[in-house]
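In: Structure for this input, please:
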Amino acid sequence: AYHSPPIALGSSHDYCFSADGREICFVSNHDPELATSTNNDVFLYNLPVNKVTKISISPGNDCNPHYSPDGVHIAYTSMERSGFEADRQRLMLYNRKTGGTGELTVGFTLSVEEIIWSADSRELYFTAEEAENVSIYKVNLKTKKIEAVLKDHYVSGVKFLNKEELVFAGQSTRYPAEIFRYNLRNRKLTQLTHFNTENLGRFELPGYE
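Out: Residues are numbered from 1 along each chain as shown. Take a look at the predicted model:
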């Protein structure tokens with residue numbers, strides 16, 4: 001009876017499966033007037049018992065759910081206010097064992113976009129648009145301390161290549177998207193693809209101001 005994924009205000013990741021395959025987490029808007037509503041919500045569908053449960057609690061837009069590798073938590077983004085499409089996207093954490101939900105980005109002024117779990121489920125990496133760039137940050141689940149991982153770049157599609165390295169698409173006014181690798185330990189950034197280097201070498205491309 002409802003769109004899932006939602007037709008508006010959703011993310012690129014609005015449904016996912018639990019590791020054991022017994023549960024689906026999905027986003028849907030069940031308000032009667034979708035045209036005037038921003039109230040997307042996050043739901044759990046338990047396949048064995050055919051039961052749907054809403055886990056998000058905000059009247060604003062909730063979307064982009066991700067199961068933690070250990071299966072204990074679900075991280076998602078949430079807007080606090082109803083009807084405000086440009087509200088800050090907070091990073092929320094739902095505990096599948098206790099049913100509790102809390103925000104991991106209290107006091108953080110930027111909007112959370114992509115969400116990436118660390119392999120040990122102790123940290124969440126995320127992207128956030130910052131001036132003319134898209135930066136990578138991380139937050140520790142226990143301490144809720146937020147740290148910058150990589151700034152002054154425009155990144156997308158961030159994934160873990162291994163425990164110590166991230167891989168993502170990076171772009172600039174000087175070049176279209178290429179694939180990069182970033183070492184979290186020594187902070188070395190390496191460009192892996194050079195599809196456009198030869199062609200771009202013929203032009204004088206300025207940076208943004």
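In: can we go C-alpha only for contacts and neighbour counts from here?
Out: Fine.
In: Mind jotting down where the helices sit in the chain?
Out: 197-200 (DSSP state H).
In: how about low-confidence regions in it?
Out: Judged against pLDDT under 70, the chain has no low-scoring part.
In: which ones are touching V149?
Out: Each residue near V149 by CA atoms under 8 Å, 6 or more residues apart in numbering is listed here: S135, I136, Y137, K138, L184.
In: May I ask which of those has the most neighbours?
Out: Counting neighbours by other CA atoms under 10 Å, I136 comes out on top of those with 26 neighbours.
In: beta partners of that residue?
Out: T127, L150 (DSSP bridges).
In: residues touching it, list them.
Out: I136 neighbours (CA under 8 Å, 6+ apart): Y125, F126, T127, A128, A148, V149, L150, K151, V155.
In: Closest one to V27 out of these, please.
Out: Using CA to CA, F126 is the member of the contacts of I136 that lies nearest V27, at 19.3 Å.
In: returning to that earlier point: for the contacts of I136, which one is nearest S82?
Out: A128 (21.6 Å).
In: In contact with the closest one, which residues?
Out: L110, S111, V112, E113, E114, V134, S135, I136, Y137.
In: swap in A169?
Out: Counted by CA under 8 Å, 6+ apart, A169 has contacts V155, S156, G157, V158, A177, E178, I179, F180.
In: Mind listing the residues bridging to it?
Out: For A169, the beta-bridge partners under DSSP bridges are S156, I179.
In: quick one: it and L189, what's the gap?
Out: For A169, the distance to L189 equals 12 Å [CA to CA, to the nearest Å].
In: Which neighbours do those two have in common?
Out: Overlap of the contact sets of A169 and L189 (by CA under 8 Å, 6+ apart) consists of F180.
In: ok so, going back, and the furthest pair within the contacts of V149?
Out: Farthest pair in those, by CA to CA: S135 and L184, 14.1 Å.
In: Stretch 158-171: end-to-end distance?
Out: Note: stretch 158-171 ends 13 Å apart using CA to CA.
In: before we move on, the earlier item: filter the contacts of A169 down to the buried ones.
Out: V155, S156, V158, A177, E178, I179, F180 (16 or more other CA atoms under 10 Å).
In: mind giving me TSV with those and columns for distance to K97?
Out: Listed next are the buried ones among the contacts of A169 as TSV, based on distance: CA to CA, whole Å:
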residue	distance to K97
V155	34
S156	32
V158	28
A177	40
E178	40
I179	38
F180	37
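In: what about stretch 167-178, distance to the chain center?
Out: 19 Å (CA atoms, centre = their mean, to the nearest Å).
In: If you could redo that for stretch 137-153, that was the one I meant.
Out: Counting by CA atoms, centre = their mean, stretch 137-153 comes out at 13 Å from the chain centroid.
In: Any buried residues in it, and which?
Out: Those would be Y137, K138, V139, N140, I146, L150, for stretch 137-153 by 16+ other CA under 10 Å.
In: Next up, the contacts around the residue lying closest to the third one once chain neighbours are set aside.
Out: Distance criterion CA to CA, 6 or more residues apart in numbering; nearest residue to V139, sequence neighbours excluded, is I146 at 4.4 Å. Applying CA under 8 Å, 6+ apart to I146 gives the contacts T105, Y137, K138, V139, N140.
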